[in-house]
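Trainee: Need coordinates for the below:
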Amino acid sequence: MRTGNEIARITDQHYEQGVKRTKNFDLRLNAATRDGADILLIHNHPAGMPPSISDINILAGTKMRGIVAGHDGSIYLYTAPSKKIPVEDFDVAIHRYKEYTNITSFEKALTDLSKEFGFNFIKL
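Mentor: Sure, this is the predicted structure:
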């Protein structure tokens, strides 16, 4: 993040759900991490959804940060949790907000979990 240099990218995949990280992507990311680079992972969520638990958990144990950009103009910034968040904990958190829209319930659940698991979650 200090230099603005791109470490790696995956732009040639067209999966409906998620991205399959390539070996080359992981090798370059791991090398940059070993070199002490400040890393910001950026990806899109076409439907404008906040980061998933998988998006957040991939940062656990690192100093990396993430940004998710939605095609509706939404932008979310998040940092690494103190430990991986169990899917069951997310299910309980999101159930508290079942009367809201999908996006709002996700935002509220992630805000709750951010306090419990020590990460930042911000809608910019």
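Trainee: And for the protein, the residue most distant from the center?
Mentor: Distance from the centre of the chain peaks at E99, with 24.1 Å (CA atoms, centre = their mean).
Trainee: Could you give the backbone dihedrals for that one?
Mentor: Dihedral angles of E99 (phi, psi; degrees, to the nearest 10) stand at phi -80, psi -10.
Trainee: in the protein, which spans are helices?
Mentor: Assigned by DSSP state H, the helices in the chain fall at 23-34, 53-57, 87-95, 102-117.
Trainee: for the protein, what are the low-confidence residue spans?
Mentor: 1-2, 13, 16-17 (pLDDT under 70).
Trainee: Find the residue at the geometric middle of it.
Mentor: By CA atoms, centre = their mean, the mean C-alpha position of the chain lies nearest to D55, the distance being 3.4 Å.
Trainee: Please name the nearest non-neighbouring residue to that residue.
Mentor: Spatial nearest neighbour of D55, excluding adjacent residues (CB to CB, 6 or more residues apart in numbering): G66 at 6.1 Å. Glycine gets a C-beta too; all of them are placed from N, C-alpha and C.
Trainee: Then S114?
Mentor: Using CB to CB, 6+ apart, the closest residue to S114 is F121 (4.4 Å).
Trainee: Distance check, the one you found against V87.
Mentor: 17 Å (CB to CB, to the nearest Å).
Trainee: Those two: which is more packed in?
Mentor: Using other CB atoms under 10 Å as the criterion, F121 and V87 rank with F121 on top: 23 against 11.
Trainee: give me the beta-bridge partners of that one?
Mentor: Y78 (DSSP bridges).
Trainee: how far away is it from A47?
Mentor: In terms of CB to CB, F121 sits 18 Å off from A47.
Trainee: thinking again about what came up before, correct me, but the residue nearest to the centre of the chain touches L77?
Mentor: No - assessed by CB atoms under 8 Å, D55 is found out of contact with L77, at 11.6 Å.
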